[in-house]
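> give me a 3D structure for the following:
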Amino acid sequence: MGVVRDVLALPDVRRLEFGWGCSVVAELAGTIAMSVYAYREGGATLVGVYGLARTLPAAVAAPLVMGLSDRVRRERLLLVATGLRLLCLLVAATIAALDGPAVLVIGFAAAGSMLAGTYRPLMVTILP
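Next up, the predicted model:
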């Protein structure tokens with residue numbers, strides 16, 4: 001327990017771990033909200049489409065983003081990926097609130113989720 005206390009005494013590590021925790025909570029909340037939205041708009045079929053749209057591209061995006069981590073500052077890459085996730089979710093929420101096309105809502109939400117798999121690997125590369 002002393003080692004954990006020593007590590008958490010480092011402000012940068014605390015911020016990084018707090019950010020990761022917020023990222024996980026936000027991703028889960030977004031997934032639940034989008035699943036409910038997709039079910040309301042198109043039933044189980046649209047929920048399945050959303051699941052595929054957020055999972056399959058992530059398998060391609062994560063290695064590509066991680067490949068940039070040797071060329072770009074990892075801290076900056078982490079901030080950009082997280083910022084893009086936020087932007088995509090905000091656009092999806094705005095379109096949904098304005099009763100826009102479900103395809104656009106699902107597309108933007110899936111694009112944001114696609115970057116979720118990059119947070120933990122990037123975080124690990126930053127930790128001492």
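> which helix in this structure runs the most residues?
Determined from DSSP state H, the single longest helix within the chain is helix 11-68.
> OK, contacts around the nearest residue to residue 30 once chain neighbours are set aside?
Once flanking residues are discounted, residue 30 sits nearest to residue 89: 5.6 Å by CB to CB, 6 or more residues apart in numbering. C-beta here means a position set from N, CA and C on the backbone, and glycine is covered the same way. Shown in contact with residue 89 (CB atoms under 8 Å, 6 or more residues apart in numbering): 26, 30, 108, 109, 112.
> is residue 89 in a helix, a strand, or coil?
helix (DSSP: H, G, I helix; E, B strand; the rest coil).
> reformat the contacts of residue 89 as a markdown table; add pLDDT and distance to residue 2.
Output for these, formatted as a markdown table (pLDDT from 0 to 100; distance: CB to CB, whole Å):
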| residue | pLDDT | distance to residue 2 |
| --- | --- | --- |
| 26 | 82 | 32 |
| 30 | 84 | 37 |
| 108 | 93 | 45 |
| 109 | 90 | 42 |
| 112 | 86 | 39 |
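> pipe those into a markdown table and attach neighbour count per row.
Formatted as a markdown table, the contacts of residue 89 follow (neighbours: other CB atoms under 10 Å):
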| residue | neighbour count |
| --- | --- |
| 26 | 16 |
| 30 | 20 |
| 108 | 22 |
| 109 | 27 |
| 112 | 24 |
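> that'll do, ta.
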